[in-house]
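Following is a predicted model, sequence given first.
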Number of protein chains: 2
Amino acid sequence: MIVCRTKTELMLQLSELRRNGERVGFVPTMGYLHEGHASLLRQSKIDNDVTVLSIFVNPLQFGPNEDLDRYPRNEERDLALAAECKVDLLFMPSVQEMYPEKPLTTIIVNQITEKLCGASRPGHFDGVGTVVSKLFHLVQPERAYFGMKDAQQIAVIQQMVNDLNFPIEIVPCPIIREPDGLALSSRNVFLSAEQRQQAVVLSKSLQLTDEWMNDSEMTVAQLVAKVKLQISEASTAVIDYVELLHYPRLDAPEPTALLKSIKQPLLLALAVKFGATRLIDNRLLNFMEVEEHV
Amino acid sequence: MIVCRTKTELMLQLSELRRNGERVGFVPTMGYLHEGHASLLRQSKIDNDVTVLSIFVNPLQFGPNEDLDRYPRNEERDLALAAECKVDLLFMPSVQEMYPEKPLTTIIVNQITEKLCGASRPGHFDGVGTVVSKLFHLVQPERAYFGMKDAQQIAVIQQMVNDLNFPIEIVPCPIIREPDGLALSSRNVFLSAEQRQQAVVLSKSLQLTDEWMNDSEMTVAQLVAKVKLQISEASTAVIDYVELLHYPRLDAPEPTALLKSIKQPLLLALAVKFGATRLIDNRLLNFMEVEEHV
């Protein structure tokens, strides 16, 4: 596995790796890798000749009061997992290497970024769009892989790629979960034993929607209320948002609309704090329609 | 010369043209081509294996009260001039082809876009950055060529390329002028005979700065005042702005600073209306330093 820490090294090594027209798959991450990242790497290995992984905790996407400083890092473990996944090239730049001076350029994706995590974390998706755009230009992959756990991030990046004609296919990959249902996240490491146990309520409430969706009288607002009620049974859970929106445009259906009347794909998304740790999870509903429409 | 009107055609033809690693030079324009554009194409022909020209009047960079509808167009003449310049591939998309739906994504370059034409034309450079970014992704050139007549545009695009790590070299090319000094512009066609004659005052006032720069007592504010006075001698000229700024960051030197004390590159830029026609022109001062610094 080639490890590059500078842009110059990266470009040199990449031009070598793709000398015979090899196709490049790219998995951009913030490190502290887990099985969710490994699943993206495995999919890239299947689809492409060369797989590039980047690890970069991007300061631009953290707000002033967010967890940039305490975001978990473990370079040694990440290197081992990347090697185990047979990554061909690992790009681990420093902040100085990515932002040698304060950038003046921002990529803004309107509307889609104003909902869900965008509403709770102003500027977050501007930072995501900007760094993903930088990484896309540096790696120039044919395909890039993102986990559906951040469904909004995928919607934002896909919109940016469409609007700006990036010659890159965005491949969404399924959420990977612990045996008890908790979605994998680098931030799970911060949960106390009690919080960890209670955090199962997130995936459990999402799963219960299957049953509730079959209720022909259930409205949008009622489903959201039921999920909120379910989550509030966990004593340490503080709900940031629970929302049911059209996907991928993230506009809201009428709260009084009957679920059975909505044929478009819907995203049931939630963000919940356990102590200082904010977790997100989601579920795509009307999924057969998603497969057809997206 | 291959002419492509769709993105699909363009990418197909480009992959053919660059099959053996040919290097691509790109000249993005709004058409109504003149000798200024031809000079960019000639430079690209010298530097690269393949030269791509695009002609697209981008609605996104025109304000609601600007001259989008009356911007001059002449496809037949453009095709002839492109062929004469031995363009390899001409990309002429429709608005529908470039914007099949309303884009949600905007590229904003802060600070540099707030001065000069950015101040007079709010949103203009967001539109420029966005369309140039789209075209860069579609054409994927090694080099792109822009005329120094819009020095601010070059500064904005270079900043965007640096900040977002576009793998593209931006090549600035000199302003091309009529024998009497008027900078070539597609908009010159709108000038009446009287306005055309008076418009010479722009290049003349810029030329006079050579002499004024030698005055060891001359300040920034005095030079700007002298240029404004010179221009106002033309009875039909209405000044939009005359400014002397550091280049390429476009921040302002102290108005009371002596010119001889400023060692950084300076841009003397102006925009002047003759009737409904707004013309721009500029001159780089301390040019030897520019060559060293940029």
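Cool, got the structure.

Could you list the contact residues of the stretch 151-294 of chain A toward chain B?
A:Q159, A:M160, A:D163, A:L164, A:N165, A:F166, A:P167 (C-beta under 8 Å from any C-beta of the partner chain). Just so you know, the C-beta spots here come from the backbone N, C-alpha and C atoms, and that holds for glycine as well.

buried subset of those residues?
A:Q159, A:M160, A:D163, A:L164, A:N165, A:F166 (16 or more other C-beta atoms under 10 Å in any protein chain shown).

re earlier: so which of the residues of the stretch 151-294 of chain A next to chain B are in helices?
Judged by DSSP state H, the subset of these located in helices is A:Q159, A:M160, A:D163, A:L164.

Reformat the residues you listed as CSV; add pLDDT.
Formatted as CSV, those follow (pLDDT from 0 to 100):
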residue, pLDDT
A:Q159, 97
A:M160, 98
A:D163, 97
A:L164, 98
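
can you put those residues in a markdown table and add distance to B:L33?
Below are those laid out as a markdown table (distance: C-beta to C-beta, whole Å):
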| residue | distance to B:L33 |
| --- | --- |
| A:Q159 | 34 |
| A:M160 | 32 |
| A:D163 | 28 |
| A:L164 | 26 |
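
those strands in chain A, which residues are they?
Here chain A has its strands, by DSSP state E, at A:2-4, A:24-29, A:50-55, A:89-91, A:105-109, A:143-147, A:169-173, A:237-246, A:266-274, A:277-285.

want to try a markdown table for those strands, with mean neighbour count, mean pLDDT and distance to B:L12 as columns?
Formatted as a markdown table, these follow (neighbours: other C-beta atoms under 10 Å in any protein chain shown; pLDDT from 0 to 100; distance: least, C-beta to C-beta, whole Å):
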| stretch | mean neighbour count | mean pLDDT | distance to B:L12 |
| --- | --- | --- | --- |
| strand A:2-4 | 17 | 98 | 32 |
| strand A:24-29 | 25 | 98 | 20 |
| strand A:50-55 | 25 | 98 | 24 |
| strand A:89-91 | 23 | 98 | 29 |
| strand A:105-109 | 22 | 95 | 28 |
| strand A:143-147 | 22 | 98 | 19 |
| strand A:169-173 | 18 | 98 | 17 |
| strand A:237-246 | 18 | 97 | 34 |
| strand A:266-274 | 22 | 97 | 35 |
| strand A:277-285 | 21 | 95 | 34 |
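
Any idea which of those strands gets closest to B:G118?
strand A:105-109 (14.0 Å; C-beta to C-beta).

How is chain A divided into domains?
A:2-173, A:186-293 (automatic domain parsing).

Of these, flag the one that's most buried.
Comparing the domains of chain A by mean neighbour count (mean count of other C-beta atoms under 10 Å in any protein chain shown), domain A:2-173 comes out on top with a mean of 19.

so how far is that domain from its chain's centroid?
10 Å (C-alpha atoms, centre = their mean, to the nearest Å).

Lowest average confidence across the domains of chain A, which one?
For the domains of chain A, mean pLDDT drops lowest on domain A:186-293, to a mean of 91.

For chain A, which segments count as helices?
Using DSSP H, helices in chain A cover A:7-17, A:35-47, A:75-84, A:95-98, A:116-120, A:124-139, A:151-164, A:193-198, A:200-213, A:220-232, A:287-293.

out of those helices, which comes closest to A:P179?
Using C-beta to C-beta, the nearest of those to A:P179 is helix A:200-213, at 10.4 Å.

now that closest one and strand A:266-274, what's the angle there?
When axes from the mean of the first three to the mean of the last three C-alpha atoms, to 10 degrees is applied, the directions of helix A:200-213 and strand A:266-274 differ by 150 degrees.

which residues are in contact with helix A:200-213?
Here helix A:200-213 makes contact (C-beta atoms under 8 Å, 6 or more residues apart in numbering or on different chains) with A:177, A:180-183, A:218, A:223, A:226-227, A:230-231, A:233-234, A:237, A:259, A:268, A:270, A:272, A:279, A:281-283, A:285.

and the gap between A:V189 and A:P72?
Taking C-beta to C-beta, to the nearest Å as the measure, A:V189 falls 5 Å from A:P72.

who touches both of the two?
A:Y32.

still on that earlier bit, B:L245: which of the strands of chain A is closest?
Of those, nearest to B:L245 by C-beta to C-beta is strand A:105-109, at 19.2 Å.

Quick check: bridge partners of the residue in the stretch 1-150 of chain A positioned nearest to chain B?
Nearest residue of the stretch 1-150 of chain A to chain B, counting by C-beta to the nearest C-beta: A:T105, 3.7 Å away. Under the criterion DSSP bridges, A:T105 forms beta bridges with B:V109.

Pretty sure it sits against B:I112.
No - A:T105 lies out of contact with B:I112 (C-beta atoms under 8 Å); the separation is 9.5 Å.

which residues are common contacts for the two?
With C-beta under 8 Å, 6+ apart as the test, A:T105 and B:I112 both reach B:Q159.

Adding distance to A:P28, write the helices of chain A out as JSON lines.
Converted to JSON lines, those look like this (distance: least, C-beta to C-beta, whole Å):
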{"stretch": "helix A:7-17", "distance to A:P28": "13"}
{"stretch": "helix A:35-47", "distance to A:P28": "9"}
{"stretch": "helix A:75-84", "distance to A:P28": "13"}
{"stretch": "helix A:95-98", "distance to A:P28": "12"}
{"stretch": "helix A:116-120", "distance to A:P28": "17"}
{"stretch": "helix A:124-139", "distance to A:P28": "5"}
{"stretch": "helix A:151-164", "distance to A:P28": "10"}
{"stretch": "helix A:193-198", "distance to A:P28": "27"}
{"stretch": "helix A:200-213", "distance to A:P28": "25"}
{"stretch": "helix A:220-232", "distance to A:P28": "30"}
{"stretch": "helix A:287-293", "distance to A:P28": "23"}
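
I am finished for the moment; much appreciated.
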